[in-house]
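1. could you look at this predicted model? Sequence included:
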Amino acid sequence: MNTKKAGQIGEKLAQNYLVSKGYKILKVNWYCNHGEIDIVTKKEKKLIFVEVKYRKNLKYGTETDAFDFKKRKHLRRSVGFFLAKYGLLRVDYQIDLLCLSDAKIIHYKNVLL
C-alpha cells in the first residue's frame, strides 16, 4: 500500500472517530498556499482543526514524530489563512492532533496555541 492510500485510510478512520465523539465534519483536505488542513470540524461552538497522523507500523517513526516543527509551522499558517478567508478571526478555535495506528487512537487536544 502506498503512502497516499494509507493516508486516505487514516483520514477516513479519523473522520469516523470524530463523528462518533460528536464532532461535525465541515471540510476535509482543505488546501491553501501554506499547506493543508486535514479536517476542519465543529463541536459545540468551537471550530477545531485536526491534523491526522496515521502509521501502519513504526518503520518511519511514531505518529507524533511526523508532527515536526515544519509541519506545525505550515499548519498554523494554514489555519490563520482559513480563519481570515472565511471571516472567522474572532471565533473560538483550537488545533488537535489525532494519531492513529492499527491498534489505537490517541486524540491530543489543543496542541498548538
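-> That came in fine, so what should we check first?

2. could I get the full set of strands for the protein?
-> Secondary structure of the chain (DSSP state E): strands located at 24-32, 35-43, 46-55, 93-101, 105-108.

3. export these as a markdown table, with columns for mean pLDDT and distance to residue 82.
-> Heads up, the C-betas are built off the backbone N, CA and C, glycines and all. Below are these laid out as a markdown table (pLDDT from 0 to 100; distance: least, C-beta to C-beta, whole Å):
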| stretch | mean pLDDT | distance to residue 82 |
| --- | --- | --- |
| strand 24-32 | 95 | 7 |
| strand 35-43 | 95 | 6 |
| strand 46-55 | 90 | 7 |
| strand 93-101 | 91 | 9 |
| strand 105-108 | 91 | 20 |
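
4. next one: the closest residue to residue 22 other than its chain neighbours from residue 104, what distance?
-> Excluding its sequence neighbours, the residue lying closest to residue 22 (C-beta to C-beta, 6 or more residues apart in numbering) is residue 43, at 5.9 Å. For residue 43, the distance to residue 104 equals 21 Å [C-beta to C-beta, to the nearest Å].

5. could you check which of those two is surrounded by more residues?
-> Set residue 43 next to residue 104 and count neighbours by other C-beta atoms under 10 Å: residue 43 wins out with 13 against 8.

6. for the more buried one, what are its contacts?
-> 21-24 (C-beta atoms under 8 Å, 6 or more residues apart in numbering).

7. one more: residue 14?
-> Taking C-beta under 8 Å, 6+ apart as the test, what residue 14 contacts is 38-39, 50, 52, 54, 98, 100.
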